Structures are given as structure tokens and as C-alpha cells.
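Trainee: 3D model of this:
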Amino acid sequence: MTKENQNVTFYRGVDKTIRVTMTTNGDISTWKLQASVRIGALSVGNELIKKQNTAMGGGNTQIEVTVPGSDTSPGTFLIKFVDTDTEALAPRDYIWDVKRMDDNAEDVLAVGKLTLKAGPTR
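Mentor: Take a look at the predicted model:
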């Protein structure tokens, strides 16, 4: 189920949405989802950015399940970054991931490199 090497690149200080479609069928509408951005893979607990869905208290403005999925189709959700999430970060490579956080069902759903590029000043 884990999608590895999901690398993304965007300019810091801009809005960006990452779409994640599950690789297996099933209902994800009640899952607790959390996305994180860190300096490196070993910097656990030191999230520079943390996004959560409604089930985790973050609301649809952070992570939104757009296709709940079913026994015959995979679910899809959006991770929404806004300009203020990245405008203070240095242009460089970071690690990002998204996890299912439900008790007894925790799993890494996607992981990859997030490259922030220096953009035009605001």
C-alpha cells in the first residue's frame, strides 16, 4: 500500500496540493490521516509542517478525502499546503510522508522527497 519515491517540487511561499490515490481498494473516509515534512528521515518528532484531516482535528483545509473508496475502488485524498507553510523554509530538499494514524492500523501511505525552490519574493 505504501507509495515510495513520491517526489514533488514546488516554490516556497506558494499554495500547492498533493493528490494521493491509494494503491488498494477500500473505504478511507473514516481514516485518521497525518502528513509531515521534515529535514531528514531520522528527524522523527521534529515536523516542520504537519497536516491532519478532520478525523485527526485538522479539518478539510489540511487533508481532504475526495474519493472515499469502496470494495471495488481505491480512495483518494488531497494534502493542502498554503503559502505560509513554506515561506520561512530554506530552499532545499526535505522528506515528506503521509500516514494512517488509526489505533492498530497505523501505516505509511506515501513517502518521498519534497524539493522547495526559491521563488519570486512577495
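
Trainee: Point to the residue nearest the middle of the protein.
Mentor: Most central in the chain under C-alpha atoms, centre = their mean is Ala35, positioned 3.8 Å from the mean C-alpha point.

Trainee: Average pLDDT for stretch 15-24, rounded please.
Mentor: Throughout stretch 15-24, pLDDT has a mean value of 93.

Trainee: Quick check: buried residues in that stretch?
Mentor: Of the residues in stretch 15-24, those buried by neighbour count under the rule 16 or more other C-beta atoms under 10 Å are Lys16, Ile18, Val20, Met22. (Glycine included, C-beta is placed from N, CA and C.)

Trainee: check contacts around the first one.
Mentor: For Lys16, the residues meeting the contact criterion (C-beta atoms under 8 Å, 6 or more residues apart in numbering) are Val8, Phe10, Phe81.

Trainee: Most neighbours among those, please name it.
Mentor: The most crowded member of the contacts of Lys16 is Phe81, carrying 22 neighbours; neighbours defined as other C-beta atoms under 10 Å.

Trainee: Leaving out the residues flanking it, which one is nearest to that one?
Mentor: Once flanking residues are discounted, Phe81 sits nearest to Lys16: 4.6 Å by C-beta to C-beta, 6 or more residues apart in numbering.
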